[in-house]
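**Q** Give me a model of this one.
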Amino acid sequence: MLSNRQNRRRWAALALLPTLACLSGCNTVNSQANNAEGVRLYTQGAYDQAAVKFQEAIASNPDSADGYYNLAASLHKAGAMYNRPEDIKQAEVLYNQCLERNPNHVECYRGLAVLLTETNRRDAAFRLLNNWNAASPQNPNPKIELARLLEETGQFDEAKAQLIAALEVAPADARAFTALGRLRDQAGEYQQALANYQRSLAINGAQPQVAARVATLQAAAAGAGPAAAAGAPSHVANQWQSSTTY
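**A** Model prediction:
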């Protein structure tokens with residue numbers, strides 16, 4: 001099982017990149033072009049140059065939550081990589097500006113929760129996600145993000161409870177099924193994990209790592225024994241988010 005530090009690094013990496021390509025909130029040609037160029041630069045590791053493009057995108061369309069998220073993510077990454085505390089502080093401001101424009105911006109909540117955790121404010125990260133959950137009780141995403149944070153802090157039963165609650169309000173949420181399957185996989189509950197993974201794939205088939213884990217579990221059930229199933233839960237460690245959404 002990954003250590004808390006490894007879990008945090010993995011979680012942070014997931015939180016910063018996935019929706020940089022989400023341009024649905026950009027309403028002008030200039031904003032779209034700048035965001036697209038910023039995404040290209042970000043994926044090449046040119047975070048400072050990407051930030052400039054995202055600043056230009058915001059100037060063209062100051063109401064787009066995605067623009068603030070993209071700029072925050074770039075500054076967050078650059079600040080952590082180059083040890084620039086001012087970039088981290090500015091990223092926090094921008095994450096909050098993103099949430100002012102879209103109070104249910106999943107990736108922004110995740111990025112801000114990661115930042116708070118990295119700056120030794122885990123209690124604030126929990127408050128952030130719990131407040132979101134209280135404000136949007138029928139939204140599964142706060143529960144899924146809470147489960148992520150609970151898992152990182154070793155509260156596996158509580159994480160599982162949040163995922164079950166997410167499925168109660170959204171019975172066809174592939175992310176929740178994948179995450180629940182992963183927790184059960186890590187706990188050695190292979191049959192339940194397999195059922196969760198299969199349900200997730202039935203909803204969203206574009207999850208190759210989940211499909212690979214299903215094949216491994218099915219092979220074990222067919223005669224290879226539980227030993228073959230053990231040791232591979234990390235194969236779906238990055239499947240908290242749906243590849244079709246982020």
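**Q** Which of the helices or strands spans the residue nearest to residue 34 when sequence neighbours are not counted?
**A** Nearest non-adjacent residue to residue 34, counting by C-beta to C-beta, 6 or more residues apart in numbering: residue 57, 3.9 Å away. The C-beta positions use only the backbone N, C-alpha and C, and glycine is treated the same way. Element membership for residue 57, per DSSP states H and E: helix 47-60.
**Q** Looks like the residue nearest to residue 34 contacts residue 38 (just checking).
**A** Yes. Using C-beta atoms under 8 Å, residue 57 makes contact with residue 38 at a distance of 6.6 Å.
**Q** Now list whatever residues contact both of those two.
**A** Residues within reach of residue 57 and of residue 38 at once, by C-beta atoms under 8 Å, 6 or more residues apart in numbering, are residue 70.
**Q** Sketch out the helices for this structure, chain order is fine.
**A** When assigned using DSSP state H, the helices of the chain occupy the ranges 4-16, 29-43, 47-60, 65-82, 85-101, 106-118, 122-135, 140-152, 156-169, 174-186, 190-203, 208-219, 226-229.
**Q** Next, the angle from the fifth one to helix 47-60.
**A** An angle of 30 degrees separates the directions of helix 85-101 and helix 47-60 when computed by axes from the mean of the first three to the mean of the last three C-alpha atoms, to 10 degrees.
**Q** Can I get helix 85-101 as PDB, trimmed to CA atoms?
**A** What follows is helix 85-101 as a C-alpha-only set of coordinates in PDB (Å, rounded to 0.1, in the frame of the first residue of the first chain):
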ATOM      1  CA  PRO A  85       5.600  30.400  -1.900                       C
ATOM      2  CA  GLU A  86       4.100  33.500  -3.600                       C
ATOM      3  CA  ASP A  87       2.900  31.300  -6.400                       C
ATOM      4  CA  ILE A  88       1.200  28.900  -4.000                       C
ATOM      5  CA  LYS A  89      -0.500  31.900  -2.200                       C
ATOM      6  CA  GLN A  90      -1.700  33.200  -5.600                       C
ATOM      7  CA  ALA A  91      -2.900  29.800  -6.600                       C
ATOM      8  CA  GLU A  92      -5.100  29.600  -3.500                       C
ATOM      9  CA  VAL A  93      -6.600  33.000  -4.300                       C
ATOM     10  CA  LEU A  94      -7.400  31.800  -7.900                       C
ATOM     11  CA  TYR A  95      -8.900  28.500  -6.800                       C
ATOM     12  CA  ASN A  96     -11.300  30.500  -4.600                       C
ATOM     13  CA  GLN A  97     -12.100  32.900  -7.500                       C
ATOM     14  CA  CYS A  98     -12.900  29.800  -9.600                       C
ATOM     15  CA  LEU A  99     -15.300  28.600  -7.000                       C
ATOM     16  CA  GLU A 100     -17.000  32.000  -6.800                       C
ATOM     17  CA  ARG A 101     -17.800  31.600 -10.500                       C
END
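**Q** Pull out the buried residues from it.
**A** Using 16 or more other C-beta atoms under 10 Å as the test for burial, helix 85-101 gives 87, 88, 90, 91, 92, 94, 95, 97, 98, 99, 101.
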